[in-house]
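Colleague: 3D, please:
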Amino acid sequence: MAERYEPASMRGATTLRPLSERGALRRSAPFLAVALVAVLLELATVGESASRVVLVAAGLSMLVVPLAAVIVPWERLPAWCEAVPPLGFFVVVALMRQARGGAAAGYTPLVMLPVIWLAMYGSRRQLMIAVAAMTAILVGPMLLVGPPLYPASAWTTTVVSVAVGMFAGPPIQMLVEQSRQRTADVAALGAITRSLTAGSDPRSELCAAARLVTGARFAVIVERDGGDYAATAGSVGLDLQRLRIPAGSSPSATIEAWQSGNRIYVPDVARDPRVSARLVDLTGAVSLLFEPVTRDGRRTAVLVVGFSESRARLPERALYMVELVAAEIAAALDRNELVARMASQARTDPLTGAANRRSWDEELDRELAHAGRTGEPLTVALIDLDRFKAYNDTRGHTAGDELLRELVTALRGELRTGDIVARWGGEEFAIAMPACDLDHGRDIASRLLGVVPGGQTMSIGLTQACIDDTPRSLVGRADRALYAAKGAGRNQVGTLPSPTPVAVPEPEPEPEPEPQDVPERDRVAGPGMLRTDDVPSLG
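Modeller: Residues are numbered from 1 along each chain as shown. Coordinates of the predicted model:
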């Protein structure tokens, strides 16, 4: 599953791997430089050929370590394998000590380099392995070789070095993790701020924030889609179309978190039957966190956060930040719903639910341009309720409003999905029927006369767009047709054909095939004539 690279400082304290993350050489360069200086100084001053050979071997070993760090595909190996190259440096130190007189050599401090490097960039397990290796490198020669290269007086330096690595390494690692986590938290808060101020959908930004504060592999927002539960946003590389949970799925940790409103943490997905096998296959998660998203006591989503390694528990700080992200998700979803509702209201007549004049102008302009490009017919109708003022005066404005609402519902029931119904003003409505010529439009309009509710009637003016029409000229012609229908007695369809309607261009006729020469015996004189060889013999 492909995943977009993000800087290590932006990925949470627990996700950094010293070699599989980008920038491994940059991070190790200061430590390698110190070791290289030591080897070069010794090569310049050592006198014995045997010692020089050992130092050359140490130098070559030191070059192999960074080379292996670059060539080996560490991201495909278990995390603990990334401790091997730093530990290989201990071999270099052991060779250099042996070549320069054992414990008397000044190379003992170099054993701290792998410990410090793994304290800054490795995991706790890798750091403990480094401390154990350092102990073996320092204590082993004292026990196995002994004096005179490793006299008893060297025990003090050995024990102090081991103690420094053992007791200083974990605090260094903790400080680095805290610093990295603060960076991740700041980045997450920045993502949250961007999501709240951006005009686009904030879901993806909030998923990124959830990843940052937890060091997770991925984050997904699950919302209701009809009766099912569907992933509406997630980390890069996830196939959201396949992350769909039918409403009847049981057991399901996602549905359980939605229904109960309680957080669910699964430290090992392989041992919990509530976790979908498909979710694990698609995401590669080992641990999962299901955080319900609630707004005003109403569940709106579930935030699913997945980790690449098993964790017995999540830090309280991470859980707090996840709660913060979930709260912002709830606010963002509410804001999106409000914006969508306001956008719909800005284009919709509040009384009838039909398109308003602004929306009608935009849609008609678009449909007219489309008809001009494609040659498809476009028919427009203007509708006016007959004697609506008298209806209002007799039954009241409330009844009049209800009549208008029922009329729009009845019109939509007779029209196609792509047809546009707009409130033109008062009791007048406009209809645009793409890919519909005047004859077909007349049939539809005649059918619409029979669906007027409340025993009322209406008049319809109908026309078809022509090549030179503008929205204003097209509606003006439909308006004249409407007045003609009113003047003819109402409750009927008036039509006003356009002189040059937009029509689908006729295809050019295919050229006649070229006549071919035929043998003389196959020629015929005309229709119904026989070939010469078919004429009966007179003999």
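
Colleague: which residues sit in contact with the residue nearest to Ile116 when sequence neighbours are not counted?
Modeller: Excluding the flanking residues, the one nearest Ile116 by Cβ to Cβ, 6 or more residues apart in numbering is Ile172, at 6.8 Å. All C-beta atoms are positioned from the backbone trio N, CA, C, and that covers glycine. Going by Cβ atoms under 8 Å, 6 or more residues apart in numbering, Ile172 touches Ile116, Ala119, Met120.

Colleague: with these in mind, which one is nearest to Asn392?
Modeller: Ranked by distance to Asn392 (Cβ to Cβ), these are led by Met120 at 80.1 Å.

Colleague: how deep is that closest one tucked in, by neighbour count?
Modeller: 19 (other Cβ atoms under 10 Å).

Colleague: Nearest spatial neighbour of it, chain-adjacent residues omitted?
Modeller: Met120's closest residue in space is Val176 (Cβ to Cβ, 6+ apart), at 5.1 Å.

Colleague: The one you found: which element?
Modeller: Using DSSP states H and E, Val176 falls within helix 155-197.

Colleague: Run through the stretch 151-300 of the chain and note the low-pLDDT ranges.
Modeller: Applying pLDDT under 70 to the stretch 151-300 of the chain flags the ranges 181, 183-201, 250.

Colleague: How are the helices of it distributed by residue range?
Modeller: 155-197, 203-214, 253-260, 277-283 (DSSP state H, counting those that start in this stretch).

Colleague: So which of the ones you listed is nearest Arg335?
Modeller: Using Cβ to Cβ, these put helix 155-197 closest to Arg335, at 7.7 Å.

Colleague: which stretches of the stretch 301-450 of the chain form helices?
Modeller: 316-346, 357-374, 388-395, 397-414, 438-448.

Colleague: gap between the first one and the chain center?
Modeller: Relative to the mean C-alpha coordinate of its chain, helix 316-346 is positioned 17 Å out (Cα atoms, centre = their mean, to the nearest Å).

Colleague: Leaving out the residues flanking it, which one is nearest to Val220?
Modeller: Using Cβ to Cβ, 6+ apart, the closest residue to Val220 is Gly234 (3.9 Å).

Colleague: one step back: among the contacts of Ile172, which are in helices?
Modeller: Judged by DSSP state H, the contacts of Ile172 include Ile116, Ala119, Met120 as members of helices.

Colleague: Quick one: those as a markdown table, columns for pLDDT and distance to Val91 too.
Modeller: As requested, these are exported to a markdown table (pLDDT from 0 to 100; distance: Cβ to Cβ, whole Å):
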| residue | pLDDT | distance to Val91 |
| --- | --- | --- |
| Ile116 | 82 | 18 |
| Ala119 | 83 | 20 |
| Met120 | 81 | 21 |
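
Colleague: Redo these as a markdown table? Include distance to His370.
Modeller: Formatted as a markdown table, those follow (distance: Cβ to Cβ, whole Å):
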| residue | distance to His370 |
| --- | --- |
| Ile116 | 68 |
| Ala119 | 66 |
| Met120 | 62 |
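
Colleague: of all those, which comes closest to Val160?
Modeller: The closest of those, once distances to Val160 are taken by Cβ to Cβ, is Ile116, at 15.8 Å.

Colleague: Tell me if I'm right that the closest one and Pro170 touch.
Modeller: No - taking Cβ atoms under 8 Å as the definition, Ile116 is not a contact partner of Pro170, at 12.0 Å.

Colleague: Among those two, which residue is more densely surrounded?
Modeller: A direct count of neighbours by other Cβ under 10 Å for Ile116 and Pro170 places Ile116 higher, at 19 against 15.

Colleague: Could you tell me how far the more buried one is located from Leu67?
Modeller: 21 Å (Cβ to Cβ, to the nearest Å).

Colleague: Then Thr158?
Modeller: On the measure of Cβ to Cβ, Thr158 and Leu67 end up 31 Å apart.

Colleague: Then Thr232?
Modeller: For Thr232, the distance to Leu67 - Cβ to Cβ - is 46 Å.

Colleague: With Met112 instead?
Modeller: In terms of Cβ to Cβ, Met112 sits 23 Å off from Leu67.

Colleague: cool, and Arg447?
Modeller: Distance of Arg447 to Leu67, given as Cβ to Cβ: 81 Å.

Colleague: can you check Gly455 too?
Modeller: 92 Å.

Colleague: Comparing the two, which residue is more hemmed in?
Modeller: The neighbour comparison of Gly455 against Leu67 (other Cβ under 10 Å) goes to Leu67, with 11 against 6.

Colleague: Sketch out the low-pLDDT regions of the stretch 351-500 of the chain for me.
Modeller: Along the stretch 351-500 of the chain, segments meeting pLDDT under 70 span 500.

Colleague: Gly284 reaches Phe307, doesn't it?
Modeller: No - the pair Gly284 and Phe307 does not pass the contact test of Cβ under 8 Å, sitting 9.9 Å apart.

Colleague: now the helices for the stretch 1-150 of the chain?
Modeller: 24-45, 49-71, 84-99, 112-121, 124-144.

Colleague: Lys389: neighbour count?
Modeller: Applying other Cβ under 10 Å, we find 11 residues neighbouring Lys389.

Colleague: which residues does it contact?
Modeller: The contact partners of Lys389, taken as Cβ under 8 Å, 6+ apart, number zero.

Colleague: Just the residues contacting stretch 347-361, thanks.
Modeller: Looking at what lies outside stretch 347-361 - Cβ under 8 Å, 6+ apart - the contacts are 346, 363, 401, 404-405, 407-408, 420-425, 429-430, 432, 471.
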